[in-house]
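Peer 1: Below are the sequence and a predicted model for it; my questions follow.
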Amino acid sequence: GYSLFTTGGTNASYYNYFIQDDLNSANNENILSRTYIRDLLMQNTSRAVGQSNNGFSKNFAQQYLCTDGRPISQSTLYQGDNTPDDEATNRDPRYRQTIATRGFVFLVNPNGTQDVITLPRIGSAVTSTGYQMAKYRSADNAQNQQAQSTIDIPVFRYAEVLLNYAEAKAELNEATQAVISASINLLRARVGMPNMVVGTLVKDANSDFPTIPVLIDEIRRERRIELVLEGFRFDDLLRWRAGTQFQKPETILGMKLTPALRAQYPANQVANVQVNGDNYIRLYPANRVWNDRQYYYPLPTQEILLNPRLTQNPGW
């Protein structure tokens, strides 16, 4: 049967799952994966994910619960976000296993020396937002050569099955505590987080979905955290009819860069890093605009020419 990968314990097993050279061998979480083999078929994901001037958004980073199982709007454990260290303190262990924070080993050089993250590497070719990607990023020098990684890429894993099950049951109003214990709480146990207790959930004041039931809201949060960078988020928002989420200002914001924190960087490195009035890195001058036509893809023009009876999707 299938079970979650736990090698490395609560503070490393989630991260470790995504840097496996062979997901098909003795790994009961893997259902389907793309296999890469040295000199036959290789990939560049491990190298590109961690150092291609990309990064998670503020909107994503603030979704992680604190270690008491409460959102940052409710937890007394939340230390604020004036520094990256504060923001990562007392958070769901998947935070540090997904976002490269202080102490994350970025690379082990051939001579054995380690390149270790201290401050987020903004103002460089590494991360644009300050929330640098650690998921899929192996410190193995051999895996970070251009297009030469043999780390397998998961396509379908048991964790997704658990999340699909929990969400489906919740939508049917059948998500009892037994259902949550057999799904969401298995994912939380892997990283040492408190169980989700259906009867004690309190709606997050900062929820992205203020009008939906709290249980469905928290299952969606769990899905976002667990499956990040696995290709689900866009389609999830489409099927939830939640495209306006793309317009939220925090989706184009990065970490907080206070004057005190900026002063810790070489001046020329951060000279061009722009922030908004609250000192959050702002990636684009204009807000994103959602158009409802994007809930559907346009039919290819060539297909309509071949069959004039086809009707183009609305708005296209």
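Peer 2: Thanks, I have the structure now. Bear in mind that the values here come from a model prediction, so they are computed numbers and not experimental data.
Peer 1: From here on, just use CA atoms for contacts and neighbour counts.
Peer 2: OK.
Peer 1: which non-adjacent residue is nearest residue 194?
Peer 2: residue 69 (5.5 Å; Cα to Cα, 6 or more residues apart in numbering).
Peer 1: Let me know the helix or strand that that neighbour is in.
Peer 2: Take DSSP states H and E as the rule and residue 69 turns out to sit in neither a helix nor a strand.
Peer 1: show me what contacts it?
Peer 2: Neighbour list for residue 69: 92, 193-196 [criterion: Cα atoms under 8 Å, 6 or more residues apart in numbering].
Peer 1: And residue 154, how close does it get to residue 229?
Peer 2: Residue 154 sits 11 Å away from residue 229, going by Cα to Cα, to the nearest Å.
Peer 1: more neighbours, these two?
Peer 2: residue 154 (19 against 15; other Cα atoms under 10 Å).
Peer 1: Cross-check the contact I'm expecting between the more buried one and residue 27.
Peer 2: No. Residue 154 is not in contact with residue 27 according to Cα atoms under 8 Å; the separation is 11.4 Å.
Peer 1: picking that back up, give me the buried subset of the contacts of residue 69.
Peer 2: Burial by neighbour count, judged by 16 or more other Cα atoms under 10 Å, picks out 92, 193, 195-196 from the contacts of residue 69.
Peer 1: Is it possible to get CSV of those that adds secondary structure?
Peer 2: Converted to CSV, these look like this (DSSP: H, G, I helix; E, B strand; the rest coil):
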residue, secondary structure
92, coil
193, coil
195, coil
196, coil
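Peer 1: from those, which is closest to residue 143?
Peer 2: Within the buried ones among the contacts of residue 69, the smallest distance to residue 143 is 27.4 Å, found for residue 92 (Cα to Cα).
Peer 1: for that closest one, phi and psi?
Peer 2: Dihedral angles of residue 92 (phi, psi; degrees, to the nearest 10) stand at phi -40, psi 130.
Peer 1: wait, it sits on residue 67?
Peer 2: Yes. Residue 92 is in contact with residue 67 according to Cα under 8 Å; the separation is 5.3 Å.
Peer 1: contacts for the helix or strand of the chain with the lowest mean pLDDT?
Peer 2: Lowest on mean pLDDT, DSSP states H and E among the helices and strands of the chain sits helix 45-50, with a mean of 87. Residues outside helix 45-50 that contact it (Cα under 8 Å, 6+ apart) are 126-127, 132-138, 143-147, 149, 151.
Peer 1: Equivalent analysis for stretch 175-186, please.
Peer 2: For stretch 175-186, contacts defined as Cα under 8 Å, 6+ apart pick out 4, 162-163, 165-166, 169, 194-198, 219, 222.
Peer 1: Span of that stretch from start to end?
Peer 2: In terms of Cα to Cα, the two terminal residues of stretch 175-186 are separated by 15 Å.
Peer 1: what mean pLDDT does that stretch have?
Peer 2: Mean pLDDT, stretch 175-186: 99.
Peer 1: Next, name the residue at the spatial heart of this protein.
Peer 2: The chain has residue 228 as the residue nearest its centroid, 3.1 Å off, counting by Cα atoms, centre = their mean.
Peer 1: Surely that residue is within a helix?
Peer 2: No. Going by three-state DSSP, the assignment for residue 228 is coil, not a helix.
Peer 1: Need the pLDDT of it.
Peer 2: For residue 228, the pLDDT comes out at 99.
Peer 1: Of the contacts of stretch 175-186, which is the most crowded?
Peer 2: Most neighbours among the contacts of stretch 175-186, by other Cα under 10 Å: residue 166, with 26 neighbours.
Peer 1: Restrict the helix or strand where that residue lies to CA atoms and write it as CSV.
Peer 2: Following DSSP H and E, one finds residue 166 within helix 158-171. Output of helix 158-171 as CSV, limited to C-alpha atoms (Å, rounded to 0.1, in the frame of the first residue of the first chain):
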residue,chain,number,x,y,z
TYR,A,158,0.0,9.8,-2.3
ALA,A,159,-0.2,13.2,-0.6
GLU,A,160,-2.3,14.4,-3.5
VAL,A,161,-4.7,11.5,-3.1
LEU,A,162,-5.2,12.5,0.6
LEU,A,163,-5.8,16.1,-0.3
ASN,A,164,-8.2,15.2,-3.1
TYR,A,165,-10.1,12.9,-0.8
ALA,A,166,-10.4,15.5,2.0
GLU,A,167,-11.6,18.2,-0.3
ALA,A,168,-14.1,16.0,-2.1
LYS,A,169,-15.6,14.9,1.3
ALA,A,170,-15.7,18.5,2.5
GLU,A,171,-17.5,19.7,-0.6
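Peer 1: Okay, strands next: where are they in the stretch 201-316 of the chain?
Peer 2: With DSSP state E, counting those that start in this stretch as the criterion, the stretch 201-316 of the chain has strands at 253-256, 280-282.
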